[in-house]
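Enquirer: Generate coordinates for the sequence data below:
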Amino acid sequence: MSSGHMDKKSAKKTCFTLEILSSIKDAQSKHGLRHGDYQRYQGYCSRRLRRIRKSLQVPAAHRNRFLHKKQKASNVTDVRHLHIPLMSAERSWSFSVLLKEEANTDRRKRFQMISRLRKSVEYASDLEALCENEFCDAKTKLEAKAYACWMKGTLNFERQEWNEAIKHFSDTSMIYVELCKAVTEEQQVLYKQRVEEITASIRYSAYNIGDETAIEDLMKMRSQGGQDVLINKIDNLISQTREKQSRTLSEVTWRGRTVAVRNETVRLFLLSALETEKQISAAHNADSKISLYENLLLQCKDALQSLSDELKTDPKSRAQMQETGPVRQTALQYLYSYVSYTKLIKTIQRNILMAESYEHSLQESEPASDGRKIAKPQDLIRIYDIILQNLGELLTVPGTEEDEDASQEIRSRQKGFRAFRCYYLALSYLSVKRWREAYVLFERVLQHTTDAITNYNKLTYNSYKDEVSHLQELIDNVKAQKYSAYASSVLDIDGVSDKTSQLNLSATNNKKLIDRLEDYDINTKISLKKPELVQFPPEFQPIPCKPLFFDLASNYVEFPSLDDRIEQTRGGGLTGFVKSWLWGGGAK
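Expert: Residues are numbered from 1 along each chain as shown. Here you go, the predicted model:
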């Protein structure tokens, strides 16, 4: 007994270290959360708990009945005892997130989700209480406290208890910031990621309390990019904020007409369009801007689909479709036209950003460090084709065809983008040494550019000064490349060198001109009234005759004997036998 008592005493003196955040992040990435599969992670936590309890001989049931026993500090002899409350908290938390996704369709699931979160907070508090004992080191104690605070903040966040959520999230962030100072650079990455996630939740909670600048901070965090998990969380927080702000957005004004906005999906899209402009102006690189445009266009697609479904059931719109002649659009149709117009405008802006990115890549001689390939002129031709197609669709949107200023503005932009398309088409011809086609296309570029600048100057409100400056730069580039293409077409080094090597600068000979076209010869006979250009009448030339076939082989062919195939005539009964006996008849 004394030896067992000593082993138990020595085990208590052992200092345990449990890297809570590192272990749960590793388990989450390996067992489903990399793909958002919370059900798989919940099953993993259950299996891990069963294995730990079996190895430590800590049963969870007695005679098919569950026994809820808290871990006591006196019973902790192995670090795996600390994994039991940790895995229990993770299992309850993952189940709550799974229920949160289902709560959008079933409101009863929300009560169960809160219950599971409450259970995870209880397990996290048990873990914190165990780690406060002397058998855990200081780092484990801090991590356990941060984990428990984070669980409590998550519960307060879902219950919309914003002040308590800010308090617990702030404590968690402060602990992780202090832990970053005592660990290696590799371990700091996990702590900093968690701090960024918590910061987004803090700012959203502050906004709900009344801090109007909090939503701007969320926008800045979204535009800076980062981890996919953090971006998804910020997007969810921003969408929740927009749902509250959309209640105040009740009407929209476009081309002198104001219409009411009653569709909730359209409200969210219009609010998102206003905020995306601010995010794009604050974004630092083209990839972030393109990503923002992509998200906005997806929301625009949902808004158009919602309006289309509403138009099918709108009695005013259905009655107007049966009328003939020009009629005034209903408010719902006008709103649909405005959203369609906005979608095309944002698509054009997104494509212009992509074209600028391709142009920058085209100027580089080596592939980028991130593995992207060097762009080709054909890529830019395709982009400008799409832009021209979108501009053509703008002219067909109801509301713009009657506006002369808008139509003139769109046609001016079409001229400008046609100039860029012709420019990159000329570059593609230059790459294959087709100088003449490139020269003609450069001339066409100058024509389109001049027309576009002239049309831009005629606009009443010219808000495209950047496009005009780009066209001016294009003129300077095209002039130099046009003359270069012209010189190359004249010289055409490959073809001219072959022909000049065949020139003959010999003395005058008596050949006719038709026979010495490749020879340089000054012949005075050519300048006479009857120059000797060709030989007339032309000399006869031997040609192969048409082959004829004479069937003379049959005279020398020996045909095979066919006697064995000829039928033999036989006698006709008794009469034939008598005839053959009397007159010597036989077989013929």
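Enquirer: what bits of the stretch 201-350 of the chain have low per-residue confidence?
Expert: Applying pLDDT under 70 to the stretch 201-350 of the chain flags residues 210-250, 318-328.
Enquirer: mind listing the strands for the chain?
Expert: For the chain, strands defined by DSSP state E occupy the ranges 251-254, 257-260.
Enquirer: Asn351 is nearest to which of these?
Expert: Comparison of those against Asn351 by Cβ to Cβ identifies strand 251-254 as nearest, at 22.4 Å. Using the backbone N, CA and C atoms, a C-beta is placed for each residue, glycine as well.
Enquirer: returning to what we had before: just send the strands of the chain back as TSV, with mean neighbour count and distance to Leu274 too.
Expert: Formatted as TSV, the strands of the chain follow (neighbours: other Cβ atoms under 10 Å; distance: least, Cβ to Cβ, whole Å):
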stretch	mean neighbour count	distance to Leu274
strand 251-254	13	11
strand 257-260	13	16
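Enquirer: Looking at those strands, which is nearest to Asn555?
Expert: Of all those, it is strand 251-254 that lies closest to Asn555, at 101.3 Å by Cβ to Cβ.
Enquirer: which other residues reach that closest one?
Expert: 258-261, 270, 334-335, 338, 341, 399 (Cβ atoms under 8 Å, 6 or more residues apart in numbering).
Enquirer: do the same with stretch 292-302
Expert: Residues outside stretch 292-302 that contact it (Cβ under 8 Å, 6+ apart) are 222-223, 235, 265, 268-269, 272-273, 276, 279-280, 283, 339, 342-343, 346-347, 349-350, 353.
Enquirer: returning to what we had before: could you redo the strands of the chain as CSV and give each row distance to Cys131?
Expert: Output for these, formatted as CSV (distance: least, Cβ to Cβ, whole Å):
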stretch, distance to Cys131
strand 251-254, 56
strand 257-260, 58
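Enquirer: Tell me which of the ones you listed lies nearest to Asp451.
Expert: Closest approach to Asp451 among the strands of the chain (Cβ to Cβ): strand 251-254, 29.0 Å.
Enquirer: got a list of what Leu190 touches?
Expert: Listed by Cβ under 8 Å, 6+ apart, the contact set of Leu190 reads 21-22, 25.
Enquirer: can you map out the helices along the stretch 251-400 of the chain?
Expert: Along the stretch 251-400 of the chain, the segments classed as helices by DSSP state H, counting those that start in this stretch run 264-282, 286-313, 315-321, 331-363, 377-396.
Enquirer: can you list these in CSV and add mean neighbour count?
Expert: CSV is the format used below for the helices of the stretch 251-400 of the chain (neighbours: other Cβ atoms under 10 Å):
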stretch, mean neighbour count
helix 264-282, 18
helix 286-313, 16
helix 315-321, 12
helix 331-363, 19
helix 377-396, 17
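Enquirer: Look at Gly584 and report its pLDDT.
Expert: For Gly584, the pLDDT comes out at 58.
Enquirer: Oh, that last question was meant for Lys25, not what I typed.
Expert: Model confidence at Lys25, expressed as pLDDT, equals 90.
Enquirer: Find the nearest non-adjacent residue to it, please.
Expert: Leaving aside its chain neighbours, Lys25 sits nearest to Leu190 (5.8 Å; criterion: Cβ to Cβ, 6 or more residues apart in numbering).
Enquirer: re earlier: which among the contacts of Leu190 count as buried?
Expert: Buried subset of those (neighbour count, 16 or more other Cβ atoms under 10 Å): 21, 25.
Enquirer: Mind checking which of the contacts of Leu190 are in helices?
Expert: If you go by DSSP state H, those have 21-22, 25 in helices.
Enquirer: any idea how far the nearest residue to Thr276 once chain neighbours are set aside lies from Asp451?
Expert: Nearest residue to Thr276 in three dimensions, chain neighbours excluded: Leu296, at 4.9 Å (Cβ to Cβ, 6+ apart). For Leu296, the distance to Asp451 equals 32 Å [Cβ to Cβ, to the nearest Å].
Enquirer: swap in Pro538?
Expert: Separation of Pro538 from Asp451 (Cβ to Cβ) stands at 56 Å.
Enquirer: Which one of the two is surrounded by more residues?
Expert: More neighbours surround Asp451 than the other of Pro538 and Asp451, with 16 against 8 (other Cβ atoms under 10 Å).
Enquirer: Contacts only, for the spatially closest residue to the more buried one that is not a sequence neighbour.
Expert: Take Asp451 and drop its neighbours on the chain: the residue closest to it by Cβ to Cβ, 6+ apart is Lys415, 5.0 Å away. Lys415 is in contact with 448, 451-452, 455, counting by Cβ under 8 Å, 6+ apart.
Enquirer: What segments of the stretch 1-150 of the chain are helices?
Expert: Going by DSSP H, counting those that start in this stretch, the stretch 1-150 of the chain shows helices at 2-13, 20-30, 38-56, 80-102, 108-131, 138-158.
Enquirer: Just put those in TSV and tack on distance to Ser489.
Expert: TSV is the format used below for those (distance: least, Cβ to Cβ, whole Å):
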stretch	distance to Ser489
helix 2-13	90
helix 20-30	60
helix 38-56	66
helix 80-102	65
helix 108-131	73
helix 138-158	70
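Enquirer: Pick out the shakiest of these, pLDDT-wise.
Expert: Minimum mean pLDDT among those: helix 2-13, a mean of 44.
Enquirer: circling back: could you dump the contacts of Leu190 to a markdown table with distance to Val468?
Expert: Below are those laid out as a markdown table (distance: Cβ to Cβ, whole Å):
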| residue | distance to Val468 |
| --- | --- |
| Leu21 | 54 |
| Ser22 | 56 |
| Lys25 | 52 |
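Enquirer: from the chain's centre, how far out does stretch 428-448 sit?
Expert: How far stretch 428-448 lies from its chain's middle: 32 Å, per Cα atoms, centre = their mean, to the nearest Å.
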